[in-house]
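# Just the structure for this:
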Amino acid sequence: MGEVRFEQVVMRRVRHLRERRGLSQQRLSDRLAELGVPIERSQLARLERGERGVGVDELIAIAFALDTAPAYLLLDLEADERTALVPGVAISPADARGWIRGQRPLPQQDPRGYLAALPRDQVEAIWEAWRAQAPTPAGDSEGNDAWRRAMDEKARPDEREES
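Have a look, this model is predicted:
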């Protein structure tokens, strides 16, 4: 199983989704200009070749123009490559999907910090999903234990208060 950077995933996904929708680079460029985020055709070509990065506003606009969610420009749902977050830290496709979708922290993250940043309704949804499955979302036993403790501390105290 290889390793890929998010930038490479975006490059491949933009090309794949553009071609799947039957759009030329020029038509996508025109559509982006209509949306107020002009990216010249030559710049889209450079992006698809991996010679140009993409800013957050551009990523959002490209996703909108391609009728997809930004997460699906960051994720290749069919790939089995690990994705490099930072040098020396790569994650599995399943971990990347759960993290990008906001469904769970990465095994390398502190679950308590992750949950503390979420709105209450999302924590409750994660708690219900967690309770419905086994093993826990994290990929290793140490991560599972940390995830279990964080969920217990973040979500369950409210259950205890209501009973």
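# Can you list the buried residues in the biggest strand by length in the chain?
Counting by DSSP state E, the longest strand found in the chain is strand 82-86. Neighbour counts over strand 82-86 (16 or more other C-beta atoms under 10 Å) mark R82, T83, A84, L85 as buried. Yep, even glycine has a C-beta here, placed from its N, CA and C like the rest.
# Could you list every helix and strand that it packs against?
strand 3-5, helix 6-20, strand 89-91, helix 93-100 (3 or more C-beta pairs under 8 Å, 6 or more residues apart in numbering; DSSP states H and E).
# pLDDT (mean, whole number) over it?
In this model, strand 82-86 has a mean pLDDT of 87.
# Make 761 the starting number, not 1.
Right, with 761 as the first residue, what we last looked at is strand 842-846.
# and that strand, which strands flank it?
The strands beside strand 842-846 in its sheet (DSSP bridges) come out as strand 763-765 (parallel), strand 849-851 (antiparallel).
# Make sure A821 is actually in contact with L795.
Yes - if you go by C-beta atoms under 8 Å, A821 and L795 touch, sitting 5.5 Å apart.
# show me where this structure has helices.
Per DSSP state H, the chain carries helices over the ranges 766-780, 785-794, 801-809, 816-825, 831-834, 853-860, 871-876, 880-892, 901-914, 916-922.
# Off-centre distance for the fourth one?
This points to helix 816-825. 14 Å (C-alpha atoms, centre = their mean, to the nearest Å).
# can you list the weak-confidence ranges in this structure?
For the chain, the stretches with pLDDT under 70 are 761, 893-923.
# Redo the helices of the chain as a markdown table? Include mean neighbour count.
Below are those laid out as a markdown table (neighbours: other C-beta atoms under 10 Å):
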| stretch | mean neighbour count |
| --- | --- |
| helix 766-780 | 17 |
| helix 785-794 | 17 |
| helix 801-809 | 16 |
| helix 816-825 | 18 |
| helix 831-834 | 19 |
| helix 853-860 | 19 |
| helix 871-876 | 17 |
| helix 880-892 | 14 |
| helix 901-914 | 16 |
| helix 916-922 | 9 |
